[in-house]
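> with the sequence up front, the predicted model follows.
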Amino acid sequence: MKQNVQNILTFLIIFTTSCSKSDETETITIPAKEYRAEIQKYKDEIQNLKSEISKAVPVSVISGSFFCKDINSNEIYSNEPFYTLNTKFISFELKLRNLIESLNKRIYIRYVNQDGSVRTGKLSAKFENECGQTLECSYYENLESKDAEFTYSGGWGQEGYDYPSGNYTIEFWLENRELGAKKIYSKKITLNDKISE
């Protein structure tokens, strides 16, 4: 792939240099038909490279935000550590880059506890990663978009369901490939902690 890009750049540099000499005594003439064929060849190569890249990494994470919510889905904190007294949900919002014209793939979300177990529920399922390992997810959805950049949000928790003190990890998988992960730290409230309402 790098060699193809290098060839394209070399051709453009040579062509630019040739054109810049047209007002001097040395003139280089390229037949129009030959020139158009050469340009089309490199355009096709660029398109093929884009297609290969989109197949390998069709979606990537640009940025992510994480929020702690109470039983009424009111946002309590958006900075770590998250405090366990009122935490019922940990939600997220991801900004994603899409290289597929019409994206329709399955996304798996894994909420991993501090002991390595995965939080599961009615929408939980098992899937295989690219190494052939079977993993369990907390839930999954179909990820659909026709935009080059779009936002995807979700969360996990339920009434009366808190997050005991410890380290948690939220993993995002696009079918069998991991998009990224976020480590979350939760702690109990003490008398020294100041909680902004």
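Now that the structure is in, tell me what you want to look at.

> so which helix or strand takes in E141?
Using DSSP states H and E, E141 sits within strand 139-145.

> and the contacts of that strand?
Strand 139-145 is contacted from outside by 59, 96, 98, 103-109, 121, 123-125, 127, 152, 154, 156, 174, using CB atoms under 8 Å, 6 or more residues apart in numbering. Yep, even glycine has a C-beta here, placed from its N, CA and C like the rest.

> next helix or strand past that strand?
Where DSSP H and E defines the elements, the next helix or strand beyond strand 139-145 is strand 149-157.

> which of the contacts of strand 139-145 are buried, as a ChimeraX select command?
Under the burial definition 16 or more other CB atoms under 10 Å, those of the contacts of strand 139-145 that qualify are selected in ChimeraX by:
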select :59,96,98,103,107,108,109,124,127,152,156,174
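
> if we can go back for a sec, can I get the CA coordinates of the strand holding E141 in CSV?
This file holds the C-alpha atoms of strand 139-145, laid out as CSV (Å, rounded to 0.1, in the frame of the first residue of the first chain):
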residue,chain,number,x,y,z
TYR,A,139,-25.8,-5.8,24.9
TYR,A,140,-25.6,-5.2,21.2
GLU,A,141,-27.2,-3.1,18.5
ASN,A,142,-27.2,-2.5,14.8
LEU,A,143,-25.0,0.4,13.9
GLU,A,144,-26.4,2.2,10.8
SER,A,145,-25.2,5.4,9.2
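
> listing partners with orientation, what would you give for that strand?
Using DSSP bridges, the strands paired with strand 139-145 are strand 103-112 (antiparallel).

> state the number of residues packed around F82.
By the criterion of other CB atoms under 10 Å, F82 has 22 neighbours.

> thought it was touching K183?
No - in this structure F82 lies outside contact range of K183 using CB atoms under 8 Å: 11.7 Å.

> E45: which element?
Per DSSP H and E: helix 32-56 holds E45.

> what mean pLDDT does that helix get?
Helix 32-56 shows a mean pLDDT of 67.

> next: stretch 102-113.
Averaged across stretch 102-113, pLDDT comes to 90.

> sorry, back to before: what helices or strands is the helix or strand following the helix holding E45 leaning on?
Downstream of helix 32-56, the next assigned helix or strand under DSSP H and E is strand 59-69. Counting contacts by 3 or more CB pairs under 8 Å, 6 or more residues apart in numbering; DSSP states H and E, strand 59-69 is packed against strand 75-77, strand 89-98, strand 149-157, strand 166-174, strand 177-187.
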